[in-house]
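Peer 1: After the sequence you'll find the predicted model.
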Number of protein chains: 2
Amino acid sequence: METKRKYSVTEKKSEVISSLKDFGSKIYEQMEKGDFPSITMPSRSTQNIYYDMNLRQFILGDKSVRRSARNIRHVKPFTQLVWVARFSHELTTQRKTSTLRDVYYSAQAYEMTFKDQQESDNIITDLETVLGLSREDFNIFPEERSAVFGDLTIEYTVPGYEGKTLNLTTHPDGVLIGPALTSAEFVNTTADKIIAIEKGGLFTRFIEENVHKKFNALLVLTAGQAPRATRHFIRRLHTELNLPVYIFTDGDPWGMHIAMVIISGSANAAHLRELNTPDAKWSGVWATDIVNYKLPTDPLDEVDIKRLYELQKDPRYKEDPLWQREIKTFLKIRRKAEQEAFSRYGLTYIVDEYLPAKLEETK
Amino acid sequence: METKRKYSVTEKKSEVISSLKDFGSKIYEQMEKGDFPSITMPSRSTQNIYYDMNLRQFILGDKSVRRSARNIRHVKPFTQLVWVARFSHELTTQRKTSTLRDVYYSAQAYEMTFKDQQESDNIITDLETVLGLSREDFNIFPEERSAVFGDLTIEYTVPGYEGKTLNLTTHPDGVLIGPALTSAEFVNTTADKIIAIEKGGLFTRFIEENVHKKFNALLVLTAGQAPRATRHFIRRLHTELNLPVYIFTDGDPWGMHIAMVIISGSANAAHLRELNTPDAKWSGVWATDIVNYKLPTDPLDEVDIKRLYELQKDPRYKEDPLWQREIKTFLKIRRKAEQEAFSRYGLTYIVDEYLPAKLEETK
């Protein structure tokens, strides 16, 4: 189908640049009036982070913080924030990308000092909070890369590739989800679902077994915990193409949480909205799958069990009885299983039997 | 240029299948003669691993081990080895790929028991040793993926893509080095060098700054320690296209060793020849670069220093005065620097100044 272009990347880019300009203009205006410039933004302290049952994600409460150039203790973080905004404006207008690490070092080219990278990371998060945009929007990307495969044609917007299209079945090892793909427009697709997969080996197996054709699916490799750019990409696939998302992870607390972070996000990103896909489903490997499919297992070790008790109390896990049931089952059977465990029944069992059963069960 | 096809992937694949068939035939022949079947292979014990100055890599010595079905203690590993050969034959003839983890679980489908994955990994290494082939040759691939970008056209040999070509500038995030790319033929290129890069952020920077065009280079992202499939891919680029290889890593013992493993391999792979590129150059970030370029640094911590003393005694580091000088300089300055540290002089300094200087220096 032709995509509905609910969300145009190019429009978004000019919104980002306007937001950065507005940010700068407000500071100039205050100074022209003879005032000390100041910025007010929502507080990200733990006391101001709440889980919102309707949005199904963490959000920030009403508390706010104000940084003013009048306050001597604020001058440094205030200046740093203005510099990060200026640098982000440079990146977005020149259409260059950067990383968190790179921003830390780049600051030194401007004689802007950060004590360590943690300090610059924190100021970048401040800018996200002020603008309500994520750092990938202003071209600060993670190092980690994941991949996608399936019948979706995209159109690049990066310099040198404007207007060029690529069908995501072009390279059978999968197409890297980096800055160029993340900023591409979706043109058309025949897929009717998204399948996200934790492990590289299984992603390759799915491609080799033509899961994309047999199940009309776009396959996304999260490569462990999905990088933020990938979570945002999954959300775009869901909202712009209007396709359901099914997530397949290892059957252990860590795999379960990989799915949860795609669905409901993290407390660290309570100030952002566009990273999560609340309607995505965790389709397996469940603790109950381990029992029902008699999978080969390993015992849960102490950190696994500690993690399960933490997740049991986590608000993201409370609303849906599925999660609570699976946590209880893990704690009862005290075993975990990896996605590859299905090879116990032959290499294609996971595709021929398990996948269709679970897609149906979690529809 | 058109590549010389010194090495044809398709020919290699049929060699692999013949090797596996020969392996099986020899066992049948022994049994038909009424003998207990047995296998002799070079020993991989540490006492039989030597560093070869001419080959510039570790090799196995003259000691060998014999596994015989007559010996009750050998029956299990012997049977496991035959099963791994049988499974690898199935993978290669059916043109499916697998992972180490997957082989461990797949064994259970054949009621072949391995105590744990370490045991099955070890038997796979036995098969590598017997055949003198690496596991990627018989379609057992790593999970990790790295990437490549630049003007090289490849031709796929995997099912469904036979005869299709791809130019490796098609996707500006880089093209994943997975089973499909690794098994592709090289068709033609205009590049005259290979630049291997440790970090994803810098790989993206190089693409954005058109390093591939300005320096006629193919860019390879190792993404940390290069997976074996990537080391093999770099070797193929070097030998089949006859191009020099320059490696850029972080300026610390770990980055230095990423370069060394691409160049001279590891003791673990002393039984293999086709993973290393002895003529590749480590072009930076050297300890002396840290000094000469006045880079922002972090102090070496205890594990860094311990590692440097280990490397100082390592035979791979002994032959070339460059390595010894750099180790000494690290130990003297007690500092390390990342590739991103060059951003201290602006985002493009590394491309405009450092890269051409170092390519010239290590030519």
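Peer 2: Nice, I can see it. Numbers count the residues shown, from 1 in each chain, chains lettered A, B, ... in the order given.

Peer 1: Strands of the stretch 1-150 of chain A, residue ranges please.
Peer 2: Assigned by DSSP state E, counting those that start in this stretch, the stretch 1-150 of chain A shows strands spanning A:38-42, A:49-52, A:57-60, A:64-68, A:146-149.

Peer 1: May I see these organised as a markdown table, with mean neighbour count, mean pLDDT and distance to B:Asn48 added?
Peer 2: Just so you know, the C-beta spots here come from the backbone N, C-alpha and C atoms, and that holds for glycine as well. Converted to a markdown table, the strands of the stretch 1-150 of chain A look like this (neighbours: other C-beta atoms under 10 Å in any protein chain shown; pLDDT from 0 to 100; distance: least, C-beta to C-beta, whole Å):
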| stretch | mean neighbour count | mean pLDDT | distance to B:Asn48 |
| --- | --- | --- | --- |
| strand A:38-42 | 17 | 95 | 64 |
| strand A:49-52 | 15 | 91 | 59 |
| strand A:57-60 | 20 | 91 | 57 |
| strand A:64-68 | 15 | 94 | 65 |
| strand A:146-149 | 26 | 96 | 40 |
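
Peer 1: can you redo these as JSON lines with distance to B:Ile123?
Peer 2: Converted to JSON lines, the strands of the stretch 1-150 of chain A look like this (distance: least, C-beta to C-beta, whole Å):
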{"stretch": "strand A:38-42", "distance to B:Ile123": "57"}
{"stretch": "strand A:49-52", "distance to B:Ile123": "49"}
{"stretch": "strand A:57-60", "distance to B:Ile123": "47"}
{"stretch": "strand A:64-68", "distance to B:Ile123": "60"}
{"stretch": "strand A:146-149", "distance to B:Ile123": "30"}
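
Peer 1: mind checking which of those is nearest chain B?
Peer 2: strand A:146-149 (5.9 Å; C-beta to the nearest C-beta).

Peer 1: so what secondary structure elements neighbour the closest one?
Peer 2: strand A:175-177, helix A:200-208, strand A:217-221 (3 or more C-beta pairs under 8 Å, 6 or more residues apart in numbering or on different chains; DSSP states H and E).

Peer 1: how about the ones you listed in TSV, adding mean neighbour count, distance to B:Asp173 and mean pLDDT?
Peer 2: Shown next, in TSV, are the helices and strands packed on strand A:146-149 (neighbours: other C-beta atoms under 10 Å in any protein chain shown; distance: least, C-beta to C-beta, whole Å; pLDDT from 0 to 100):
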stretch	mean neighbour count	distance to B:Asp173	mean pLDDT
strand A:175-177	26	4	95
helix A:200-208	26	16	92
strand A:217-221	26	14	98
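
Peer 1: Turn these into JSON lines, including distance to chain B.
Peer 2: Below are the helices and strands packed on strand A:146-149 laid out as JSON lines (distance: least, C-beta to the nearest C-beta, whole Å):
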{"stretch": "strand A:175-177", "distance to chain B": "4"}
{"stretch": "helix A:200-208", "distance to chain B": "4"}
{"stretch": "strand A:217-221", "distance to chain B": "9"}
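
Peer 1: Which residue ranges of the stretch 251-363 of chain A form helices?
Peer 2: Ranges of helices within the stretch 251-363 of chain A are A:253-264, A:287-292, A:302-313, A:321-333, A:349, A:355-361, based on DSSP state H, counting those that start in this stretch.

Peer 1: So for B:Glu136, which of these sits nearest?
Peer 2: Taking C-beta to C-beta, helix A:349 is the member of those nearest to B:Glu136, at 24.2 Å.

Peer 1: From the recorded domain assignment, give the ranges for chain A.
Peer 2: Following automatic domain parsing, chain A resolves into domains at A:9-42+A:63-131, A:146-361.

Peer 1: most neighbours per residue, which of the ones you listed?
Peer 2: Comparing the domains of chain A by mean neighbour count (mean count of other C-beta atoms under 10 Å in any protein chain shown), domain A:146-361 ranks first with a mean of 20.

Peer 1: With distance to B:Glu340 added, can I get the domains of chain A in JSON lines?
Peer 2: JSON lines is the format used below for the domains of chain A (distance: least, C-beta to C-beta, whole Å):
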{"stretch": "domain A:9-42+A:63-131", "distance to B:Glu340": "5"}
{"stretch": "domain A:146-361", "distance to B:Glu340": "16"}
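
Peer 1: just to revisit the earlier point, and of the helices of the stretch 251-363 of chain A, who's closest to B:Leu131?
Peer 2: Ranking the helices of the stretch 251-363 of chain A by distance to B:Leu131, with C-beta to C-beta as the measure, places helix A:349 first at 28.3 Å.

Peer 1: Go ahead and confirm A:Ile234 touches A:Ile263.
Peer 2: No - A:Ile234 is not in contact with A:Ile263 according to C-beta atoms under 8 Å; the separation is 9.8 Å.

Peer 1: shared neighbours of the two, anything?
Peer 2: Contact with both A:Ile234 and A:Ile263 is made by residues A:Thr277, A:Ala280, according to C-beta atoms under 8 Å, 6 or more residues apart in numbering or on different chains.
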